[in-house]
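*Asks:* sequence unavailable; structure follows:
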């Protein structure tokens, strides 16, 4: 008899599956007001060559900025922060991490669930910022079954249209062909239980979509109302805490449309610095929760790790 991983999880505690793992601070930051709670959960981290973010010929001054943040090696190791929102009757996951097939340093979301005492079957809704591997591929378990089988899924219409278009595999740059194949396959498995939404739409109670394109064609951010405050889940529209803040107009190799992504990034940072609304960034440090402050001609990320 074949048992899937989700059957094993449902029939036993997640703690029982991960008891051999060393203890880590998987739940990194949180906000709570009344019966509404937002947690950021670690899915591990990526290991990327600096050229992925900066290009083969980094702008003058890039090295000094990285050194200021203690980033002196040949690689960058950005954190991966998945956001969990619990509102009493809903348990909402924003992105699902990388799963087991993308990178060995990522795909740790189940361990974070264990730390919070949350079961994948508790998740009522999964909302995607975009369909890159570190945000989407964790939708499947080791056996190819849905990791969150009881959830309703939500993605922006323009993001869905791009990754499900058969032409995307042949038109995307060569380094991202596997991204396109992986996205098309996984989104196809969700076609019966996924809802598409537009910009500036309340997709769930208290969750408003905001189109933030450039990193991908249909990248979405989400403004989440928590009591009298709002938090903006920005996904990869602000993709790091160093270059993207200090020099937001510089183009990044991690963005599919670098010029549009820079326009989006500058606009977001201006808005967030003026309003002092909190943000959660998928690749920002210490759980990704914090605020944006002005710093000379650029900006600075002020984290709020709990």
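*Replies:* Yes, it's here. Keep in mind the model is a prediction, meaning the values are calculated, not measured. Residues are numbered from 1 along each chain as shown.
*Asks:* hey, where'd the strands end up in the stretch 201-306 of the chain?
*Replies:* Counting by DSSP state E, counting those that start in this stretch, the segments of the stretch 201-306 of the chain that form strands are 202-204, 207-211, 220-226, 229-235, 278-281, 289-295, 298-303.
*Asks:* any chance of these in CSV, with mean pLDDT, mean neighbour count and distance to residue 82 too?
*Replies:* Placement of C-beta: from N, CA and C, glycine included. Listed next are the strands of the stretch 201-306 of the chain as CSV, based on pLDDT from 0 to 100; neighbours: other Cβ atoms under 10 Å; distance: least, Cβ to Cβ, whole Å:
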stretch, mean pLDDT, mean neighbour count, distance to residue 82
strand 202-204, 98, 17, 17
strand 207-211, 98, 19, 15
strand 220-226, 96, 22, 13
strand 229-235, 96, 22, 10
strand 278-281, 98, 26, 10
strand 289-295, 97, 18, 12
strand 298-303, 97, 18, 17
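*Asks:* what segments of the protein are helices?
*Replies:* For the chain, the helices defined by DSSP state H cover 5-11, 14-18, 50-54, 62-68, 109-116, 133-136, 157-164, 168-171, 177-189, 243-246, 258-275.
*Asks:* if you average pLDDT over each of those helices, which is lowest?
*Replies:* Here the lowest mean pLDDT among these goes to helix 14-18, at a mean of 34.
*Asks:* for burial, what's the neighbour tally of residue 268?
*Replies:* Residue 268 has 22 neighbouring residues, counting by other Cβ atoms under 10 Å.
*Asks:* thought it was touching residue 215?
*Replies:* No: judged on Cβ atoms under 8 Å, residue 268 makes no contact with residue 215 at a distance of 11.3 Å.
*Asks:* any shared contact partners between these two?
*Replies:* Listed as contacting both residue 268 and residue 215 by Cβ atoms under 8 Å, 6 or more residues apart in numbering are residue 237.
*Asks:* what's the closest of the helices of the chain to residue 77?
*Replies:* When the helices of the chain are ranked by proximity to residue 77, the top entry is helix 50-54, at 11.0 Å, counting by Cβ to Cβ.
*Asks:* so what's residue 291 closest to, chain neighbours aside?
*Replies:* residue 302 (5.0 Å; Cβ to Cβ, 6 or more residues apart in numbering).
*Asks:* quick check: the one you found vs residue 94, distance?
*Replies:* Residue 302 is 21 Å from residue 94, where distance means Cβ to Cβ, to the nearest Å.
*Asks:* residue 103 - nearest residue in space that isn't next to it in sequence?
*Replies:* Spatially, and ignoring its direct neighbours in sequence, residue 103 is nearest to residue 46 (5.9 Å; Cβ to Cβ, 6+ apart).
*Asks:* and for the one you found, the neighbour number?
*Replies:* Using other Cβ under 10 Å, residue 46 has 20 other residues around it.
*Asks:* and it, backbone torsions?
*Replies:* The phi/psi pair for residue 46 (degrees, to the nearest 10) reads phi -100, psi 160.
*Asks:* which residues does the residue nearest to residue 84 when sequence neighbours are not counted bridge with?
*Replies:* Spatial nearest neighbour of residue 84, excluding adjacent residues (Cβ to Cβ, 6+ apart): residue 39 at 4.7 Å. Residue 39 has these beta-bridge partners by DSSP bridges: residue 30, residue 84.
*Asks:* check contacts around residue 39.
*Replies:* Neighbouring residues of residue 39 by Cβ under 8 Å, 6+ apart: 27, 29-30, 83-84, 86, 116.
*Asks:* quick one on the thing from earlier: including distance to residue 259, could the strands of the stretch 201-306 of the chain go into TSV?
*Replies:* Below are the strands of the stretch 201-306 of the chain laid out as TSV (distance: least, Cβ to Cβ, whole Å):
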stretch	distance to residue 259
strand 202-204	28
strand 207-211	16
strand 220-226	19
strand 229-235	19
strand 278-281	21
strand 289-295	22
strand 298-303	18
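*Asks:* so which of those comes closest to residue 242?
*Replies:* With Cβ to Cβ as the criterion, residue 242 lies closest to strand 298-303 of the strands of the stretch 201-306 of the chain, at 8.5 Å.
*Asks:* just want the angle from that closest one to helix 258-275.
*Replies:* 70 degrees (axes from the mean of the first three to the mean of the last three Cα atoms, to 10 degrees).
*Asks:* so what's the gap between strand 298-303 and the chain middle?
*Replies:* Taking Cα atoms, centre = their mean, to the nearest Å, one finds strand 298-303 lying 19 Å from the centre of the chain it belongs to.
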